[in-house]
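J.: could you look at this predicted model? Sequence included:
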Amino acid sequence: MGTLLSRLPIGAAAGVLALFLLFGVKCRGLDSPQVAFSERNMQMGGRAVRFLEDRFKELRPRMPRGAELLISVGQSGTLGIFQTIHDGKAPRVWYHDPTLNPLPPEQRTGHTPWLLFRTTPVAEIDPDGLPVMTVVEIDPDSLTYRWSEAAEPFPEEISRPARSFARGTAACGDIGRAVRILQKIQMRPPEALHAYDRRLAAMALLSGGREAEANEILESTPAYTRTETLSMVKKLVLEPTNRARVDSCVYRAFGVSLQNPEDVRDLLRMFWRDGERREAARFATRLQALVPGDNESAAILRATR
C-alpha cells in the first residue's frame, strides 16, 4: 500500500490515509455478535479470561503438578473461551505450570491425577463489563460439586460434564464406572434426557463387548423422534473420545445404521447444512460406497475436495 501511495500526489495520498484512519477508528468500536475478531470483542474476551482465572484460583489456589484438567466449557459466543482453555492451554499460564494438560472430559486419557470442571455459559454482562460465568469443580462419581462465588449452577451444568466424563472413562476401558455414572445422572432432571443417558450407557457396554447388557437397556428405552436422534448422533460424532471403538458404537446405540443409505444421507445433509465440511465429506464418501454414482454426495465431495 505504501508503494502505491508513493505514486500519488501528496494531497491524494493524505486523503486516502485520512479515510483509512477514520475507517480504523470506526472498526475499533465495532460491536457485533457476528464479528468475532473486533477489538471490542477481543477486549471482552480478555476480561473473560481474567475473570475465569480468578474463579479457578478461588476453587483451586494450586493444581497438582502434571494433572489432567478435564474442563467442560459452556457456550461463550465470540469470547473464545473453549479455544483459550483447550487450544491455548491457558491453565498452564495461570498456574505457572507447563505440566498441566487441559482437555475436554470426553478426551481424558486415564492419566492421574485428574480434576473435572465446568465453566457455565455466559449468562449476561455485568455493569462492569464482565461476563457472568461460574466455575464448578465436580466429583463425577457422586455428582457432588462446589462452585466459585457466582450463582449456583443449574443441575444440567453438573450432568453435562459428568456425561462427557463417563464417555471418556469408557474410552479408557473402565466400562463399569462409566455405566454407574450414567445411571446416577438418570436420577437427576431433566427427565427428557434420561433415555439419552441410557443409550450412552448402552454405547459404553457395546464398546466393551457386553452385548447382552446393552441390548437389555436398548429394548427398554423409549425412542426419540428421527430429528432428535440424528441431532444427538451428530453431537456425539463432533465430540469424539480418544478411542474410535467407543465412538463407532454411537450408531447402534441410537438406532442408526451406516449400512442404510437413507440414514447416511440424512446425517450427510445435517453436517453439510451446519457447515461441518470435514464430516460431510466423510459421510459423502460412505454414501458413494453404498450408492455408487449418487449425485448429491458426489457434488459435496467435489465441493469439499
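T.: It's in.
J.: from here on, contacts and neighbour counts on C-alpha atoms
T.: OK.
J.: looks to me like I71 is in a helix.
T.: No: according to DSSP: H, G, I helix; E, B strand; the rest coil, I71 belongs to no helix; its state is strand.
J.: can you tell me which residues contact it?
T.: By Cα atoms under 8 Å, 6 or more residues apart in numbering, the contact set of I71 is P102, L103, P104, P105, L116, F117, R118, T119, P161.
J.: okay, now the unreliable bits of this protein?
T.: Counting by pLDDT under 70, the ranges of the chain that qualify are 28-37, 127-129, 150.
J.: rerun at 90
T.: Scanning the chain for pLDDT under 90 picks out the ranges 1-6, 20-48, 75-80, 122-133, 148-152, 189-190, 305.
J.: check the secondary structure at L205 for me.
T.: With three-state DSSP as the basis, L205 sits in helix.
J.: which ones are touching it?
T.: I175, V179, E211, E213, A214.
J.: could I get these in JSON lines, plus columns for secondary structure, neighbour count and distance to L70?
T.: What follows is the contacts of L205, written out as JSON lines (DSSP: H, G, I helix; E, B strand; the rest coil; neighbours: other Cα atoms under 10 Å; distance: Cα to Cα, whole Å):
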{"residue": "I175", "secondary structure": "helix", "neighbour count": "23", "distance to L70": "19"}
{"residue": "V179", "secondary structure": "helix", "neighbour count": "24", "distance to L70": "19"}
{"residue": "E211", "secondary structure": "helix", "neighbour count": "13", "distance to L70": "29"}
{"residue": "E213", "secondary structure": "helix", "neighbour count": "13", "distance to L70": "29"}
{"residue": "A214", "secondary structure": "helix", "neighbour count": "22", "distance to L70": "27"}
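J.: pick the one among those closest to Y196.
T.: V179 (12.7 Å; Cα to Cα).
J.: work out for me the element the closest residue to that closest one other than its chain neighbours sits within.
T.: Closest residue to V179 apart from its sequence neighbours, by Cα to Cα, 6 or more residues apart in numbering: A201 at 5.2 Å. If you go by DSSP states H and E, A201 is part of helix 194-207.
J.: repeat for Y145
T.: strand 144-147.
J.: next, the buried residues of that strand.
T.: Neighbour-count burial for strand 144-147, counted by 16 or more other Cα atoms under 10 Å, picks out W147.
J.: what about the helix ranked longest in the chain, distance to the chain center?
T.: Of all the segments assigned as helix in the chain under DSSP state H, the longest by residue count is helix 39-59. Centroid separation for helix 39-59 versus its chain: 19 Å, with Cα atoms, centre = their mean, to the nearest Å.
J.: now for it, which elements pack on it?
T.: Using 3 or more Cα pairs under 8 Å, 6 or more residues apart in numbering; DSSP states H and E, the elements in contact with helix 39-59 are helix 10-28, helix 81-82, strand 135-139.
J.: quick revisit: widest-spaced pair of the contacts of L205?
T.: Longest span within the contacts of L205, Cα to Cα: V179 and E211, 13.8 Å.
J.: give me the distance from the helix or strand following the strand holding Y145 to the chain's centre.
T.: Next along the chain after strand 144-147, taking DSSP H and E as the criterion, comes helix 156-171. Taking the mean of its C-alpha atoms, helix 156-171 sits 12 Å from the chain's own mean (Cα atoms, centre = their mean).
J.: and helix 156-171, what's buried?
T.: Quick answer for helix 156-171 (16+ other Cα under 10 Å): 157-159, 161-171.
J.: contacts for the strand holding Y145?
T.: Counting by Cα under 8 Å, 6+ apart, residues outside strand 144-147 touching it are L59, T134, V135, V136, E137, I138, D139, P153, I158.
J.: I'd like to know how many residues surround V73.
T.: Burial of V73 is recorded as 21 neighbouring residues (other Cα atoms under 10 Å).
J.: setting aside sequence neighbours, what's the nearest residue to it?
T.: Nearest to V73 is T119, by Cα to Cα, 6+ apart, at 5.0 Å.
J.: can you name the residues bridging to that neighbour?
T.: Under DSSP bridges, the beta-bridge partners of T119 are V73, V135.
J.: surely it touches S76?
T.: No: if you go by Cα atoms under 8 Å, T119 and S76 don't touch, sitting 9.5 Å apart.
J.: so the residue nearest in space to the middle of the chain versus S164, what's the distance?
T.: For the chain, the residue nearest the mean C-alpha position is E239 (6.3 Å; Cα atoms, centre = their mean). Counting by Cα to Cα, to the nearest Å, the separation of E239 from S164 is 9 Å.
J.: overlap in contacts, these two.
T.: E106.
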